[in-house]
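Q: need coordinates for the below:
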Amino acid sequence: MSAIDIIILAAGKGTRMRSELPKVLHRLAGKPLITHVLDAASALADARITVVAGHGMDLVQGEIENFQGELQQRTKNSCPIKCIEQQEQLGTGHAVQQAIPGLDNSAGTALVLYGDVPLLDTRTLERMLASAAQGKLTLLTVVLRDPSGYGRILRDSADQVIGIVEQKDASVDQLAIAEINTGIMAMPVTRLKEWLPQLSNDNAQGEYYLTDIVALAAQQKIAIETLHPESLEEVEGVNNRSQLARLERYYQARQAETLMEAGVALADPARFDCRGRITAGRDVFIDINCVFAGKVTLGDGVSIGPNCSIANATIGDGAIIKANTVIEGPVTIEAGVQVGPFARLREGTVLRKHAKVGNFVETKKTEFGEGSKASHLSYLGDTRLGKDVNVGAGTITCNYDGVNKHRTDIGDNVFVGSNSSLVAPVTIGEGATIGAGSTITRDVPPNSLSVARGKQKTIEGWQRPEKKRT
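A: Here you go, the predicted model:
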C-alpha cells in the first residue's frame, strides 16, 4: 500500500462540554479522546499523521508529544505526527486545507479522521484505505433510525452516491433519508488537492464543508464507495458529557467481554473499569467496582476483592488482593502474596513469595522478603525486609529527614514489636528483636534484643486535674 497521510481534525472548542479543556483532551477510559484516535491511526503501516488543532493548541500538542514518547517506549516504533493550527474556524474543508502543504505529493492516500470520534477500529480504516487505493472516494456511513443533526447521503436512481447535504441545508424529502455521513473519508491525495480549492461557503452555516467534495467527485464520474463500521459506537462522536459517559460504558463493556472470553471471572461486568491494558492467566476472579490503569498483569488464580484500584502492577499466581486496596505502581507482587484489606502499595514496592501486607499498611520503595509480613497499621518507606520478618502494628520507618530520604535495612527473621519507630538510616541485623514501643536510632546487631523507651514510672494516689466550675 502507498504512503498514507492521515488528517485528524481537532480544532473544536467543545462548547457543549462546558469546560475550558479542549474537547479532544477529555478522557475516555483514562486517556484523552484524541489519544484513542492516534492509537488507531498509528497502527496503520506507512502512516504520517497531521493533527489540525485550534482551541488549546499547546495542550493538544503536549498530549501528542506524550503519545509519541509512549508509543516509542511501548512498540519501539515511531510514527511521524505533527500539529498545525487552524486559526479561524471556517469549517471542515478549511481545516483540511491547512494540512495540504505537508501532504505527500506522490500517489499517496489521504484519510480524514476526527479527534472526538475515539472508538474507530483500525480494521475499519484498513478497509477504507484499500478502497481508496483503487482511486475511489471512500465514505464511512451508517443508517440511523433517527438521523437528526447529521448530513444525509444523497443517491441517484441507480443508488450511486451523488453528494451529501447537511441538516440545515436539507429539504423535507432529504431529511427523511436515514443513511448519514460520519465525516470519515479516504481518497487519493491528488484528488483531495484538486477538490479543496473548489469548495464554496455558500450555505446556511457560511462554512467550507469537506463533504462538498463528494458532489465534485460525482460530477467527475469518480467512483464513490460507501463502507459501514462494525458498530454505531465506532463512529459516534463526543459533543457533551452524556455522550462521553455513554461511550465510556460501551468501551468498558467491550473490555469486560474480552476478558471473560479469555477466561477471567467478573463478579459484575457492568461494575468494571479498565483504563489501560490487562493480561490475565487462568482462573482469575475480579470482584465489583475494581479499576485498572496502566499495564496490569495477573497470574493464574489471582483473586481481586471489591473496590480495588490497581495501576501498573504485576501480580503473581495465587495472590489475593483484598477489598479496598490501592496499588500505585510500578509494583511487583509474587506468587501466594496476600494484600489488604485497605492497604496501599506505592511505586517501587516488591512483595516476594507468600509475603503479607495487611489492613491500613502503606509501602513505598520497599521490598518484602519471602514470607515477611506487616499485618496492621504501618508505614514502610525506602526499606528492605529479609525473609520471614514480622512487623508489628503501628510500626513506621522514619525515612525522611526533611531534605533527604534514607534507607532502613531489616535482616531475615527479625521481629519488630508494635508501635516502633525505625529512624533511617538504620540496619536491623538478622534474627534481632525490637521491643514494642521502641524508637530505634542506631544499628541493631544480629540476634539481639533492642528496647529504646523511657522507664515506666508509677505515682500512687495521683489526683487527675479537674476543670474549675464557674
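
Q: the domain parsing of the chain - what is it?
A: Per the record, the chain has its domains at 4-235, 261-450, by automatic domain parsing.

Q: quick check: end-to-end length of the first one?
A: Terminal residues of domain 4-235 lie 20 Å apart, using Cα to Cα, to the nearest Å.

Q: do the last one as well
A: Between the opening and closing residues of domain 261-450 we find a distance of 55 Å, counting by Cα to Cα.

Q: tell me the mean pLDDT for that domain?
A: Per-region confidence: domain 261-450 scores 97 on mean pLDDT.

Q: how far does it sit from its chain's centre?
A: 24 Å (Cα atoms, centre = their mean, to the nearest Å).

Q: now the longest one
A: Here the centre of domain 4-235 is set off from its chain's centre by 23 Å, with Cα atoms, centre = their mean.

Q: hang on, the earlier thing: of the domains of the chain, which is nearest Lys467?
A: When the domains of the chain are compared by Cβ to Cβ, domain 261-450 sits nearest Lys467, at 30.2 Å. Yep, even glycine has a C-beta here, placed from its N, CA and C like the rest.

Q: what's the burial count for Arg74?
A: Arg74 has 10 neighbouring residues, counting by other Cβ atoms under 10 Å.

Q: and it, backbone torsions?
A: phi -80, psi -40 (degrees, to the nearest 10).

Q: how far away is it from Pro306?
A: 30 Å (Cβ to Cβ, to the nearest Å).

Q: got the CA positions of the helix or strand hosting Thr383 in PDB?
A: Secondary structure from DSSP states H and E places Thr383 in strand 379-385. Only the C-alpha atoms of strand 379-385 are listed here, as PDB (Å, rounded to 0.1, in the frame of the first residue of the first chain):
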ATOM      1  CA  TYR A 379       4.200   2.700  57.100                       C
ATOM      2  CA  LEU A 380       7.300   1.300  55.400                       C
ATOM      3  CA  GLY A 381       9.200   3.500  53.000                       C
ATOM      4  CA  ASP A 382      12.700   3.000  51.500                       C
ATOM      5  CA  THR A 383      13.000  -0.200  53.300                       C
ATOM      6  CA  ARG A 384      14.300  -3.800  52.600                       C
ATOM      7  CA  LEU A 385      13.000  -6.600  54.600                       C
END
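
Q: so which strand or helix has Lys82?
A: Lys82 belongs to strand 81-85, assigned by DSSP H and E.

Q: can you list the residues that contact that strand?
A: 11, 38, 42, 48-54, 57, 60-61, 64, 67-68, 98-99, 102 (Cβ atoms under 8 Å, 6 or more residues apart in numbering).

Q: one step back: adding distance to Gln252, write the domains of the chain out as JSON lines.
A: Formatted as JSON lines, those follow (distance: least, Cβ to Cβ, whole Å):
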{"stretch": "domain 4-235", "distance to Gln252": "7"}
{"stretch": "domain 261-450", "distance to Gln252": "6"}
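
Q: can you tell me the SS state at Leu196?
A: helix (DSSP: H, G, I helix; E, B strand; the rest coil).

Q: now do the contacts for it.
A: Contacts of Leu196 by Cβ under 8 Å, 6+ apart are Gly93, Val96, Gln97, Ile100, Ile213.

Q: for those, which one is nearest Ala293?
A: Val96 (34.9 Å).

Q: quick revisit: can you name the two of the contacts of Leu196 that are farthest apart?
A: Ile100 and Ile213, at 12.6 Å, using Cβ to Cβ across these.

Q: please identify every residue contacting each of these two.
A: Common neighbours of Ile100 and Ile213 (Cβ under 8 Å, 6+ apart) are Leu192, Leu196.

Q: in which helix or strand would I find Asn181?
A: Per DSSP H and E: strand 179-188 holds Asn181.

Q: tell me the mean pLDDT over that strand?
A: Mean predicted lDDT for strand 179-188 stands at 95.

Q: quick one, helices of this structure?
A: Counting by DSSP state H, residue ranges of the helices within the chain are 33-42, 57-75, 92-99, 122-132, 172-175, 189-195, 213-219, 241-261.

Q: least confident of the ones you listed, on average?
A: Among these, helix 57-75 scores lowest, at a mean of 89.

Q: may I see the buried residues of that helix?
A: Met57, Leu59, Val60, Gln61, Glu63, Ile64, Phe67, Gln68, Leu71 (16 or more other Cβ atoms under 10 Å).

Q: next, work out how far apart the fourth one and Asp173 are.
A: Using Cβ to Cβ, we find Gln61 at a distance of 44 Å from Asp173.

Q: what does the fifth one give?
A: With distances taken as Cβ to Cβ, Glu63 is found 43 Å from Asp173.

Q: isn't Gly54 right up against Leu9?
A: No. Using Cβ atoms under 8 Å, Gly54 makes no contact with Leu9, being 9.4 Å away.

Q: which of these two has more neighbours?
A: More neighbours surround Leu9 than the other of Gly54 and Leu9, with 26 against 19 (other Cβ under 10 Å).

Q: could I get the contacting residues of the more buried one?
A: Leu9 touches Val52, Thr92, Ala95, Val96, Val112, Leu113, Tyr114, Gly115, counting by Cβ under 8 Å, 6+ apart.

Q: and those, which two are furthest apart?
A: Val96 and Gly115, at 13.2 Å, using Cβ to Cβ across the contacts of Leu9.

Q: what segments of the stretch 201-350 of the chain are strands?
A: 224-227, 265-266, 272-280, 285-286, 290-298, 303-304, 309-315, 320-321, 326-333, 338-339, 344-345, 350-351 (DSSP state E, counting those that start in this stretch).

Q: what subset of the contacts of Leu9 is buried?
A: For those, buried by 16+ other Cβ under 10 Å: Val52, Thr92, Ala95, Val96, Val112, Leu113, Tyr114, Gly115.

Q: how about JSON lines for the residues you listed, with distance to Leu33 added?
A: What follows is these, written out as JSON lines (distance: Cβ to Cβ, whole Å):
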{"residue": "Val52", "distance to Leu33": "15"}
{"residue": "Thr92", "distance to Leu33": "17"}
{"residue": "Ala95", "distance to Leu33": "17"}
{"residue": "Val96", "distance to Leu33": "19"}
{"residue": "Val112", "distance to Leu33": "16"}
{"residue": "Leu113", "distance to Leu33": "11"}
{"residue": "Tyr114", "distance to Leu33": "9"}
{"residue": "Gly115", "distance to Leu33": "6"}
